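*Asks:* Turn this into a model:
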Amino acid sequence: MTRRIRFGLFLLTVLWAVPALAQRQCNQLTPFSHAVPTGPVVAVPGDPTKQIYYCGFTLASKTNTLDFKIWASEAPDCSRQSIPLTPQWSLPNAFALNNRIETTGAASNYGSTLCFQTFGSGTLTGVIYWAQY
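*Replies:* Okay, here's the model as predicted:
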């Protein structure tokens, strides 16, 4: 192979691999169980030197109309909904769902807090998956 072709293949390989560097392994979870509307709740406290990587959630059980939403907030007490990560989910009763992913890019700014809130009535049990790097 000529030197130019090898260099071109090298550049192509590097450019192809660079987006993978932004992906992080989802290695943490926060379980939740709510019997009444709650929130906003700090699911993951912010760290000024790290970003939160949101990786999804699992609903193990849901009754009545207890719905939820998840967001990243630049306020440590979740008082501002800075970066919406889910809409306000309104799912059927007796519903289970898993939308966890293995790797993801950053979902927040440095120092943001991962927040959770429930609305309505009934029970809601599950897990939020995340990483913080």
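*Asks:* helix/strand/coil for Tyr53?
*Replies:* When classified by DSSP: H, G, I helix; E, B strand; the rest coil, Tyr53 comes out as strand.
*Asks:* Burial check on it, number of neighbours?
*Replies:* Counted with other Cβ atoms under 10 Å, residues neighbouring Tyr53 total 25. Yep, even glycine has a C-beta here, placed from its N, CA and C like the rest.
*Asks:* List the residues that contact the residue nearest to it when sequence neighbours are not counted.
*Replies:* Nearest non-adjacent residue to Tyr53, counting by Cβ to Cβ, 6 or more residues apart in numbering: Ala131, 4.1 Å away. If you count contacts by Cβ atoms under 8 Å, 6 or more residues apart in numbering, Ala131 has them with Arg24, Gln25, Cys26, Asn27, Gln28, Ile52, Tyr53, Cys55, Thr104.
*Asks:* Buried subset of the residues you listed, written for PyMOL?
*Replies:* Buried residues within the contacts of Ala131, by 16 or more other Cβ atoms under 10 Å, are selected in PyMOL with:
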select buried, resi 24+26+52+53+55+104
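*Asks:* just curious, which of the contacts of Ala131 is nearest to Gly111?
*Replies:* Proximity of the contacts of Ala131 to Gly111 (Cβ to Cβ) peaks at Ile52, which lies at 9.4 Å.
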